[in-house]
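Enquirer: Give the three-dimensional model of this entry:
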Amino acid sequence: RRVHGEIELWSQRDSIDCALNKNCTMSTYCLIVLCCLAGFAAAGPLHASCKLDWNFQLSCDAVKQKLVGQINSWHDASNCPNGAGEKCLYTLKTQLTGKLTATHETPVHHYTDDITFTFSQGATADTCHVHGYSTSETWYAVLDYGTNYCNMRNLLEGASLHTSSGFSESVSNSHCTQFSTANCDKY
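Expert: Numbering: from 1, shown residues only. A predicted model of the protein is given here:
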């Protein structure tokens, strides 16, 4: 370290010494970890997951019924021959008045994601707001190529809800891992 007046300056050599020779203080390690976490947090969720919102000019019962039908339709692996695509291996877990839970298993590596849809009536009886959340059960999953987004989007499109009158979607990278690069034809 070099001291100039009251200010302590680090040289590049000091930084390399810290990184290579582990000649660092605990506060230096904490600072490095905090910077890394801040960088990940700015890029999106710290765990592979996705939160989104959909709005429909349909009743919540109609939307839920179509999603349940699609989950049941894609329950087995027949829609993913030889592991192609991800539009298969969905399992309905619970179906309550304002909530639906399901899982999706990837056909090749058999990772499981948990999916929750929460339904609330819009301004009128024939409008519905849906909050969707999908998260990887794998504790160490950080990046997912947009898989958690596609878990929900594939169901939406499979049920043809994306073409319904008044449909809108709100989703962003800050709430949905790798949303902007998601390829739902693949995942």
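Enquirer: Give me the neighbour count for the closest residue in space to Ala182 that isn't next to it in sequence.
Expert: In space, and not counting its chain neighbours, Ala182 is closest to Gly146: 2.4 Å by C-beta to C-beta, 6 or more residues apart in numbering. Heads up, the C-betas are built off the backbone N, CA and C, glycines and all. Using other C-beta atoms under 10 Å, Gly146 has 23 neighbouring residues.
Enquirer: what does Lys186 give?
Expert: Residues near Lys186, counting by other C-beta under 10 Å, number 12.
Enquirer: Relative to Tyr149, how far out is it?
Expert: Noted for Lys186: a distance of 12 Å to Tyr149, by C-beta to C-beta, to the nearest Å.
Enquirer: if we can go back for a sec, quick check: the gap between the residue nearest to Ala182 and Tyr187.
Expert: Using C-beta to C-beta, we find Gly146 at a distance of 6 Å from Tyr187.
Enquirer: again with Ser172
Expert: 18 Å.
Enquirer: Please identify which of those two sits among more neighbours.
Expert: Using other C-beta under 10 Å, the more surrounded residue of Ser172 and Tyr187 is Tyr187, with 20 against 12.
Enquirer: In contact with the more buried one, which residues are there?
Expert: 86, 144-147, 150 (C-beta atoms under 8 Å, 6 or more residues apart in numbering).
Enquirer: Give me the neighbour count for the nearest residue to Lys186 once chain neighbours are set aside.
Expert: For Lys186, the nearest residue in space outside its immediate sequence neighbours is Gly85; the separation is 7.0 Å by C-beta to C-beta, 6+ apart. Counted by other C-beta under 10 Å, the residues lying close to Gly85 total 16.
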